[in-house]
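1. Fold the following, please.
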Amino acid sequence: MTSPHLANAELAVMEVLWDEDRATARAIRDRLYPDATKAQHGTVQRLLQRLEDKGFVTRDRTLPVHLFEAAISRESYASSQLESLADKLTGGSIAPLLTHLVENDRISERDIESLRRLLDKKREDGS
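-> As a prediction, the model looks like this:
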């Protein structure tokens with residue numbers, strides 16, 4: 001299942017939550033807008049509400065100041081977006097993306113080794 005696409009501003013909020021695990025709206029605002037204004041606080045509040053409505057964020061309402069937490073991991077979101085991109089551009093095949101990354105030195109030796117181990121394990125498991 002693919003997750004809905006996030007707008008850039010929504011993704012910026014998610015990046016803060018993925019980095020911090022849990023945060024208040026004020027902490028998110030301070031991170032995104034170091035010289036924040038009242039209007040920017042409202043913007044962060046609206047973004048958090050949209051993300052909560054989409055199922056990307058949960059809100060702990062048991063404390064006087066609400067804490068927000070990502071309901072989906074960075075890896076899960078990235079995977080879903082890559083699958084969506086592969087479906088749109090290459091009929092669902094991820095091979096062209098991997099080929100591009102390798103041929104254009106956009107993937108590290110460490111990542112190549114990690115992929116190699118994963119592929120070897122898949123082969124051994126008969127998947």
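
2. which parts of the helix or strand of the chain with the lowest mean pLDDT are buried?
-> Lowest by mean pLDDT, DSSP states H and E among the helices and strands of the chain is helix 95-103, with a mean of 88. Residues of helix 95-103 classed as buried by neighbour count (16 or more other CB atoms under 10 Å): none. C-beta coordinates here come from the backbone N, C-alpha and C atoms, glycine included.

3. chain center to that helix: distance?
-> 21 Å (CA atoms, centre = their mean, to the nearest Å).

4. which element follows it toward the C-terminus?
-> Using DSSP states H and E, the helix or strand that follows helix 95-103 towards the C-terminus is helix 109-125.

5. Now do that following helix against helix 95-103, angle only.
-> 140 degrees (axes from the mean of the first three to the mean of the last three CA atoms, to 10 degrees).

6. Average pLDDT for helix 109-125, rounded please.
-> Averaged across helix 109-125, pLDDT comes to 92.

7. Other residues contacting that helix?
-> The contact list for helix 109-125, computed with CB atoms under 8 Å, 6 or more residues apart in numbering, reads L98, V102, I107.

8. where do the helices sit along this structure?
-> Counting by DSSP state H, the segments of the chain that form helices are 8-20, 25-32, 38-54, 74-90, 95-103, 109-125.

9. Go through those and pick out the most buried.
-> The highest mean neighbour count among these, using mean count of other CB atoms under 10 Å, belongs to helix 25-32: a mean of 18.

10. Direction-wise, compare it with helix 38-54 and give the angle.
-> Going by the same axes, to 10 degrees, helix 25-32 makes 110 degrees with helix 38-54.

11. Any regions of this structure where pLDDT drops low?
-> 1-2, 127 (pLDDT under 70).

12. Report the central residue of it.
-> R74 (3.5 Å; CA atoms, centre = their mean).
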